[in-house]
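Student: Have a look; sequence and predicted model below, questions after that.
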Amino acid sequence: MSQKNQTLGEFIIENQSSFKYTSGELSRLINSIRLAAKVVNHEVNKAGLVDIIGAAGDTNIQGEDQQKLDVYANNKFIQTMTNRNIVCGIASEEEDDFISINSQDENNQNKYIVLIDPLDGSSNIDVNVSVGTIFSIYRRVTPVGTPVTIEDFLQKGSQQVAAGYVVYGTSTMLVYTTGDGVNGFTLNPAIGTFYLSHPNMEFPEDGTIYSVNEGNYIHFPQGIKNYIKYCQMEEGDRPYTSRYIGSLVSDFHRNVIKGGIYMYPKSSKNPTGKLRLLYECNPMALLAEQANGKASDGFTRILDIEPTELHQRVPFLCGSKNMVEKAESFMRDA
């Protein structure tokens, strides 16, 4: 039975039998993400001391300015997973297209593909606010031993075999699920080891925090406007507390511990939504559902959405189950 202060490596070995597939490949993949996270954490923690903060001078596929740490984190995660010969394909929010990885062996038997947001919330880097990494893992659907295709990446979120995030904050934590609950591990920087600190993480069914960029209020659909006003009404345990960091990982992490809802709805500025289905919404939705929470686009379960493109955007509501269902009711009634 898993216990607090167990190392991540010990936890992976002990719980490998609960994985849907127990070849050991998934365990090695989680370990490679752990290694890359430690390297990125080291760089994040010295960001104010070296020339690693600020804009890199390029834009990513979404048209957003890339930060230097964005580029660094992207390279480190791709290099780590590629060099360890664990995956057959990687898609990153920072890359135009997916990357097909050829094994040194002519008959590449690797079964997993990874989709990753290497540094979520990177606009916060220069002001020393928490940022994070989000990852999503699937089994390929095309034949093993052949190059991956777009079909391997355009899978519904319900097909994920694992998902998680790393939050680089006052402490660095790796939180992940393989479909059997959610567990959080905190890095001891003195020895470079992650220890189980938050076993069996779960959203409270109700919460008192709502997280949304209210600066965009005028652009939101009427249902979201009505729900925000509901959150602000003085009745029962309301008004709720408004807390918005601007880093999905950080806002989600706070809400899963304290209870709350995170919202990034569509708007007149972003009519299809802003967050990416494959790199952000699907992994966070799997974590939410495994942690007794809920995630939807306001009408549809996130994990049921059929992806149509690699960098697809969708509206996103995620958090404590009763709060998300209440927000959905306002969307339906608007």
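Tutor: Done, it's in. Worth saying up front: this structure is predicted, and the values here are computed from it rather than measured. Numbering: from 1, shown residues only.

Student: host element of the nearest residue in space to residue 148 that is not next to it in sequence?
Tutor: For residue 148, the nearest residue in space outside its immediate sequence neighbours is residue 89; the separation is 3.6 Å by C-beta to C-beta, 6 or more residues apart in numbering. For the C-beta atoms, the positions are set from N, CA and C on the backbone; glycine is no exception. Here residue 89 sits within strand 87-92, counting by DSSP states H and E.

Student: That strand: what's the following helix or strand?
Tutor: Scanning forward in sequence from strand 87-92 by DSSP H and E, the next helix or strand is strand 99-100.

Student: Which neighbours in the sheet does the following helix or strand past that following strand have, and how are they oriented?
Tutor: If you walk from strand 99-100 toward the C-terminus, the next helix or strand you reach (DSSP H and E) is strand 112-120. Counting by DSSP bridges, the strands paired with strand 112-120 are strand 87-92 (parallel), strand 131-139 (antiparallel).

Student: now these in JSON lines, with mean pLDDT, mean neighbour count and distance to residue 237?
Tutor: Below are the strands paired with strand 112-120 laid out as JSON lines (pLDDT from 0 to 100; neighbours: other C-beta atoms under 10 Å; distance: least, C-beta to C-beta, whole Å):
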{"stretch": "strand 87-92", "mean pLDDT": "95", "mean neighbour count": "24", "distance to residue 237": "41"}
{"stretch": "strand 131-139", "mean pLDDT": "96", "mean neighbour count": "26", "distance to residue 237": "29"}
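
Student: Residue 213: which of those is closest?
Tutor: For the strands paired with strand 112-120, distance to residue 213 was read as C-beta to C-beta. The smallest value, 16.8 Å, belongs to strand 131-139.

Student: about what we covered before: now distance to residue 165 too, for the strands paired with strand 112-120, in a markdown table please.
Tutor: Below are the strands paired with strand 112-120 laid out as a markdown table (distance: least, C-beta to C-beta, whole Å):
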| stretch | distance to residue 165 |
| --- | --- |
| strand 87-92 | 15 |
| strand 131-139 | 5 |
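
Student: which residue ranges form the strands in the stretch 101-250 of the chain?
Tutor: When assigned using DSSP state E, counting those that start in this stretch, the strands of the stretch 101-250 of the chain occupy the ranges 112-120, 131-139, 162-168, 172-177, 182-188, 193-198, 209-211, 241-242.
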